[in-house]
Structures are given as structure tokens and as C-alpha cells.
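Enquirer: Just to be clear, the model below is a prediction. Sequence and coordinates:
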Number of protein chains: 2
Amino acid sequence: MTDFQKKYGGYLDFFEAALKKYCAEMNDLPSMLAESMRYSLLSGGKRVRPVLFFAALELFGRDFRGEAPLAVALECIHTYSLIHDDLPAMDDDDYRRGNPSNHKVFGEANAILAGDGLLSEACSMLLHEGMRSEAHLMAAACLMDAAGARGMVAGQSADLLYSGKAGSEEELRYIYEHKTGRLLTAPPVMAAILAGGDEASMRRFGRELGMLFQLTDDLLDVKGNGALMGKTAGKDEREGKLTCVKVFGIEKSERLADAAAADCMAILRAYGGRAAFLEDLVRFVRSRDN
Amino acid sequence: MTDFQKKYGGYLDFFEAALKKYCAEMNDLPSMLAESMRYSLLSGGKRVRPVLFFAALELFGRDFRGEAPLAVALECIHTYSLIHDDLPAMDDDDYRRGNPSNHKVFGEANAILAGDGLLSEACSMLLHEGMRSEAHLMAAACLMDAAGARGMVAGQSADLLYSGKAGSEEELRYIYEHKTGRLLTAPPVMAAILAGGDEASMRRFGRELGMLFQLTDDLLDVKGNGALMGKTAGKDEREGKLTCVKVFGIEKSERLADAAAADCMAILRAYGGRAAFLEDLVRFVRSRDN
């Protein structure tokens, strides 16, 4: 096991324990609502956003163990977006993380409510976290602004709008930056806010990492193997999604992914050896096969 | 025009102006998302929740004109819930407030995103309002807790669960208290938090008003006229919804509504003449025909 895998595993174990504890406290919710929220929250996934948040806290010398609620809120927001994106009226995906998607198990109505419930719970957690300190309130607002109608929801709306159309590079960049980028930019920026670190450099890092993440995601949809990815491969093209492969072709997309990874590394260089894990995380995202 | 109508109109004019200003600032959103959010936000409605919030602020001697953002967030949350409730997978309602429902105009995918966008925007507004003062943060958390998976979303989930089943009085009370009650209890409690007033009495008042509101809503679905109500009448029975009419019959439901109104009045009596508008508001809810 490499140092990277060991450290990733440590973050993951801590996060999964916090998430399980949170899910165990759902017993006062209507049973169907609790079950459908838990089903998607606990269905695995790489937990890239919480891990990124924890690693950025450590980059700034702060103990990540004190910030579990913000990490759980982050994952609740990511999970709600996946549930709603998979709905028949949206991307109509039957599988997610190797399991039947939420609406395939609980029906559309419960899936809509599970998403609404997760987003609302995240907001409640953020407001209560905001009572801890001014920095927590600022970090919470940073996350919610990233998730909102000017952030992730805007990206999803643009993604719908441009499906089946030719689409330009500018439109692709808008989708990348909003749909994927904003929720990957928020974790390192939140960490900087909490630790008094350099927000601007974390914002640049998050944006490049978001680009890299979505470039490799689009490439995986073409090259990838559905079983490994846990979702249906080749869907983007069938649905006429605006992807980097459509705009640039595979070869140029690979080069752009290399460039985004190099930009991430250049930003991290300023942090010296403390950034070793984040550098490995960039390599991991670049070379992932699921 | 009665004093009540004049005062209601004053609150309404102030609120509609704040809402229009808010909607005018949506120009940086993807056009379809902005349009669908605006469509439902600006489609009229009685604005009972903002008016209740403003009136409760005045009950405690506080100028309501300083609290427009909380009122807008409240209406965004109410509106998101209506958009999602109307979806084909949920209550499948083609009309709302006399107009085609959101998904009939913009399609299901955009309606889901408009709801997500409104809820996210409300959360962002609440977090930013929370930066004004500790009381604002507490009031914001009170609203979000009311809207969430232990509040309104729980009520909607229970409403789905009990549709088409016999259902008990206890289950009906759970739906009433959560689906409708929580978002009508939040405004007067938020006002008490902001003004340092009696939260417990406002919580009791809100709960009774919520009961009254939902009792008259269920009764209107049976007695009412679709054109006046702006939505389809007689739907509850066709869909097997658990309503007071189903559990108690019309006559007992009318008596329960009278009792809830009387309970509201009893709580308001402690506030003397300052509660005149809220007393009229209770009468208005009791006798409404839409």
C-alpha cells in the first residue's frame, strides 16, 4: 500500500464513520424518506470532495477531525445532485456507483424527496455549523453559493440546454466550471477560510482540478468500462451531451487533461512537501479508470 | 376597504417589490433556469407566510421593512415545494394559482432544477442573512429546520406514504403538522427570535394556524370551486389523499377548524390590541374561498 492509499484510507475511514453516525440519527424521519436518503449516501463512491476538504485543511496545518459536519454537508449536497440528475426527466440513468439509482429502488417521487431532504439537511447543518464561529459561517456560505443557482444548479441547467446541440468551447467551459468545478472548488476554499490560508490559490487549484475531473469523466464515458465505473458507459454521445470529446476529440482532450493536471501541480508547488498528498490526488484523478 | 385589507395590501406591496427586485437580479443565471424560477415566484399567491412574518415582527414592535431577505427566502422555500409537489411523479397537478404549473410550461427537468435552484438560493440567502447578527442566524436556522427532512419534507413523504390507505387521525395530524404546519410556524417564531419576543407562544400560535390552514385547504378541495382556487378541485379524493374530510367527515372538520381558529385567538389575546391584524388574518384563513 502506498503512502497515498494509506492516507486516503485514513480520511475515508474517518468520513465513513461520521456519515454512518449521521445516518443512524435519521430514525425520527419517515421510514421511506430515511431509507432513500441513506441508500444513496451510503452507496460508496470515492468521497473525493470530503477527502479534498480534509487534505486541504491539513495543508494549512489544521486538524481535519474537527470538521466532520461540513464534510457531511458537502457529501449530502453532492449526493442530492446525483439523485436528481439520474431521474428519468433528467439524465435517466438506471445505475449509479454500481447500484440501481435511487428512483429505480424507491420510485421517482421518493427520489425527488430524498434529494430535497438531503439538500435541506445540508443547509440546516451549514447554518448550525455557522454558529461555531464567523469562519465556519463564511465557509458554509462559500459551499452553499457553489451549490446554488449561480453554481452547480446553473451548470446542470446549461448541461440540459446544450444537450443535442452543436455547442461551443465557451459553452463547454461554462458547464465544466459550474456543474463540476464549483463543488470541487468549494472544499479547498472552505479549508483556506477556516484555517486563514490563501483562498485565491485554493480557488485556482479547485478550478483546475474541476476541469481535470470533468475532462477525465467525459473521456471515461468513451474509453471506460461500465462495470468499473458503476454507471452506464457511452451515454453522453447517445444523449448528445456537450462533452470535451465532442468539442475537441479524444486526443486533444487528453492533452487538455494533462495541462489541467500540470496547472494543479504548479499551484501546489508553492506549498512544498506539505502538498504531497494533494499532488498524488491530482495524479489519481488524472489516471482514474472509474 | 377594511383596515385588514389595507394593512395586508401594505405588506403585500412591500413584499412584491422586494421579490421583483430579487428576480431582476437573476440575469446572470442560465436563461431557462431564471425564467422557470421567476415564473413560479411571480405567479401571485396570497403570500400568507411573508405577511405572517411581517405582522408578527410588528406585533413585537419591530419594523418589518428591515427583514425583506428572510421573507423572500421563506417564499422561495414555499415556492420550491409547490413546484416539486406538482410534478407528475408527485401530485401531478397541471394548475397552480390559476396558471399552468411549472413543469407544464418548462418541462419536468427544468421544473426539478427550478425547485432545486430556489431551495439553494434560499439557503444562500439565509447564510448571508446569518452574518448580520446572531439572532438572524438563529431565525435562519429555525426556518431551514422547519423546511427540512424533519419538517416539511417529512410531511410530504408521509403524505405520499398514506395516499390510498385508510389512515388514522394520528397519521393525519403528522402530515398536517409537518407538511403545512412547520412552514407556517416558522414565520412567527422567527419574528419572536429577531425581536426577543415570546417564542413558545408563537410556536403554539403557528401550529394552530397551520392546522386551521390545512383543515380549510382540505375542506376547500371538497366544497371549493377550481376557478377561484386556481387549482384542480376534488383531486384529494380521486387520489386517495389522507384528508380531514376522509378521517372526520365534513361536519366534524368544520368544527375542528372553528376550534383551531378559537385556539389561535386565545393565544393572541395575551397581546391585546397589537394583535388585531393577526386576529383578522385568522378569520381570513378560516373563511377563505381560495
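Expert: Right, received. Where do you want to start? Residues are numbered from 1 along each chain as shown, chains lettered A, B, ... in the order given.
Enquirer: hmm, who's touching the host helix or strand of residue A:38?
Expert: In the assignment (DSSP states H and E), residue A:38 maps to helix A:31-41. Applying CB atoms under 8 Å, 6 or more residues apart in numbering or on different chains, the set of residues contacting helix A:31-41 from outside is A:19, A:23, A:26-27, A:29, A:75-76, A:79, A:82-83, A:96, A:102, A:105-106, A:110-111, A:113-114, A:117-118, A:121, B:149, B:153-154, B:157, B:160-161. Yep, even glycine has a C-beta here, placed from its N, CA and C like the rest.
Enquirer: do stretch A:46-66 as well
Expert: For stretch A:46-66, contacts defined as CB under 8 Å, 6+ apart pick out A:7-8, A:11-12, A:14-16, A:67, A:70-72, A:74-75, A:78, A:183-184, A:186-188, A:190-192, A:194-197, A:202, A:209, A:213, A:271, A:274-275, A:277-278, A:281, A:285.
Enquirer: Which of the residues you listed are buried, as a PyMOL select command?
Expert: Restricted to buried positions by 16 or more other CB atoms under 10 Å in any protein chain shown, the PyMOL selection for the contacts of stretch A:46-66 reads:
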select buried, chain A and resi 7+8+11+12+14+15+67+70+71+72+74+75+78+183+184+186+187+188+190+191+192+194+195+197+202+209+213+271+275+277+278+281+285
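Enquirer: Any buried residues in stretch A:279-290, and which?
Expert: Of all the residues in stretch A:279-290, those buried under the rule 16+ other CB under 10 Å are A:279, A:280, A:281, A:282, A:284, A:285, A:286, A:288.
Enquirer: How far does that stretch sit from its chain's centre?
Expert: 14 Å (CA atoms, centre = their mean, to the nearest Å).
Enquirer: Same check on stretch A:8-18?
Expert: Distance, centroid of stretch A:8-18 to centroid of chain: 16 Å (CA atoms, centre = their mean).
Enquirer: mind exporting that stretch as CSV, just the C-alpha atoms?
Expert: Below are the C-alpha coordinates for stretch A:8-18, written out as CSV (Å, rounded to 0.1, in the frame of the first residue of the first chain):
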residue,chain,number,x,y,z
TYR,A,8,-6.7,8.3,1.5
GLY,A,9,-7.9,5.3,3.5
GLY,A,10,-7.5,7.2,6.8
TYR,A,11,-9.6,10.2,5.6
LEU,A,12,-12.1,7.7,4.1
ASP,A,13,-12.5,5.7,7.4
PHE,A,14,-13.0,8.9,9.4
PHE,A,15,-15.5,10.2,6.9
GLU,A,16,-17.5,7.0,6.6
ALA,A,17,-17.7,6.7,10.4
ALA,A,18,-19.1,10.3,10.6
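Enquirer: Please save the CA atoms from stretch A:191-211 in PDB.
Expert: Extracted C-alpha coordinates of stretch A:191-211, given in PDB (Å, rounded to 0.1, in the frame of the first residue of the first chain):
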ATOM      1  CA  ALA A 191     -10.400  24.900   4.200                       C
ATOM      2  CA  ALA A 192      -8.500  28.100   3.500                       C
ATOM      3  CA  ILE A 193     -11.300  30.200   5.100                       C
ATOM      4  CA  LEU A 194     -11.300  28.000   8.200                       C
ATOM      5  CA  ALA A 195      -7.500  28.000   8.500                       C
ATOM      6  CA  GLY A 196      -6.800  31.500   7.400                       C
ATOM      7  CA  GLY A 197      -4.900  30.200   4.400                       C
ATOM      8  CA  ASP A 198      -4.600  31.500   0.800                       C
ATOM      9  CA  GLU A 199      -8.200  31.400  -0.600                       C
ATOM     10  CA  ALA A 200      -7.200  32.700  -4.100                       C
ATOM     11  CA  SER A 201      -4.700  29.900  -4.700                       C
ATOM     12  CA  MET A 202      -7.100  27.300  -3.500                       C
ATOM     13  CA  ARG A 203      -9.800  28.800  -5.800                       C
ATOM     14  CA  ARG A 204      -7.400  28.400  -8.800                       C
ATOM     15  CA  PHE A 205      -6.400  24.900  -7.700                       C
ATOM     16  CA  GLY A 206     -10.100  23.800  -7.300                       C
ATOM     17  CA  ARG A 207     -11.000  25.200 -10.700                       C
ATOM     18  CA  GLU A 208      -8.200  23.400 -12.400                       C
ATOM     19  CA  LEU A 209      -9.000  20.200 -10.500                       C
ATOM     20  CA  GLY A 210     -12.600  20.500 -11.500                       C
ATOM     21  CA  MET A 211     -11.600  20.900 -15.200                       C
END
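Enquirer: Wondering if that stretch reaches chain B at all.
Expert: No. Stretch A:191-211 is not in contact with chain B by CB under 8 Å from any CB of the partner chain; minimum separation 12.8 Å.
Enquirer: what does the stretch 101-250 of chain A put close to chain B?
Expert: Contact residues (CB under 8 Å from any CB) of the stretch 101-250 of chain A with chain B: A:107-110, A:112-113, A:115-124, A:126-128, A:130-131, A:134, A:137-138, A:140-141, A:144-145, A:147-151, A:153-154, A:156-158, A:160-161.
Enquirer: circling back to that earlier point, return the distance of the helix or strand following the helix holding residue A:38 from the chain's centre.
Expert: Downstream of helix A:31-41, the first helix or strand assigned by DSSP H and E is helix A:48-59. Relative to the centre of its chain, helix A:48-59 is centred 12 Å away, using CA atoms, centre = their mean.
Enquirer: tell me the mean pLDDT for helix A:48-59?
Expert: Mean pLDDT, computed over helix A:48-59, is 98.
Enquirer: show me which of the buried residues of stretch A:279-290 neighbour chain B.
Expert: With CB under 8 Å from any CB as the criterion, the buried residues of stretch A:279-290 include none near chain B.
Enquirer: farthest pair in those residues?
Expert: A:279 and A:288 (15.1 Å; CB to CB).
Enquirer: count of neighbours near residue A:203?
Expert: Burial measure for residue A:203: 17 neighbouring residues, criterion other CB atoms under 10 Å in any protein chain shown.
Enquirer: secondary structure element for it?
Expert: In the assignment (DSSP H and E), residue A:203 maps to helix A:199-223.
Enquirer: what angle separates that helix from helix A:48-59?
Expert: With axes from the mean of the first three to the mean of the last three CA atoms, to 10 degrees defining the directions, helix A:199-223 sits at 150 degrees from helix A:48-59.
Enquirer: And helix A:199-223, what does it pack against?
Expert: Under the contact criterion of 3 or more CB pairs under 8 Å, 6 or more residues apart in numbering or on different chains; DSSP states H and E, helix A:199-223 touches helix A:48-59, helix A:182-195, helix A:235-238, helix A:244-269, helix A:276-287.
Enquirer: 10 Å - rerun?
Expert: helix A:48-59, helix A:134-147, helix A:169-175, helix A:182-195, helix A:226-229, helix A:235-238, helix A:244-269, helix A:276-287 (3 or more CB pairs under 10 Å, 6 or more residues apart in numbering or on different chains; DSSP states H and E).
Enquirer: Lowest average pLDDT across those?
Expert: In terms of average pLDDT, helix A:226-229 trails the rest of the helices and strands packed on helix A:199-223, at a mean of 58.
Enquirer: Apart from its chain neighbours, what residue comes closest to residue A:101?
Expert: Leaving aside its sequence neighbours, residue A:101 sits nearest to residue A:86 (CB to CB, 6 or more residues apart in numbering or on different chains; 4.1 Å).
Enquirer: Could you pull up the residues touching the one you found?
Expert: Shown in contact with residue A:86 (CB atoms under 10 Å, 6 or more residues apart in numbering or on different chains): A:40, A:92-96, A:100-104, A:111, A:115, A:231.
Enquirer: ok, 6 Å please
Expert: A:93, A:96, A:101 (CB atoms under 6 Å, 6 or more residues apart in numbering or on different chains).
Enquirer: ok, back up a step: give me the buried entries from the residues of the stretch 101-250 of chain A next to chain B.
Expert: Listed as buried from these are A:108-110, A:112-113, A:115-124, A:126-128, A:130, A:137-138, A:140-141, A:144-145, A:147-151, A:153-154, A:156-158, A:160-161; burial here means 16+ other CB under 10 Å.
Enquirer: Mind checking which of those land in helices?
Expert: Judged by DSSP state H, those include A:108-110, A:112-113, A:115-124, A:126-128, A:137-138, A:140-141, A:144-145, A:147, A:153-154, A:156-158, A:160-161 as members of helices.
Enquirer: I am finished for the moment; much appreciated.
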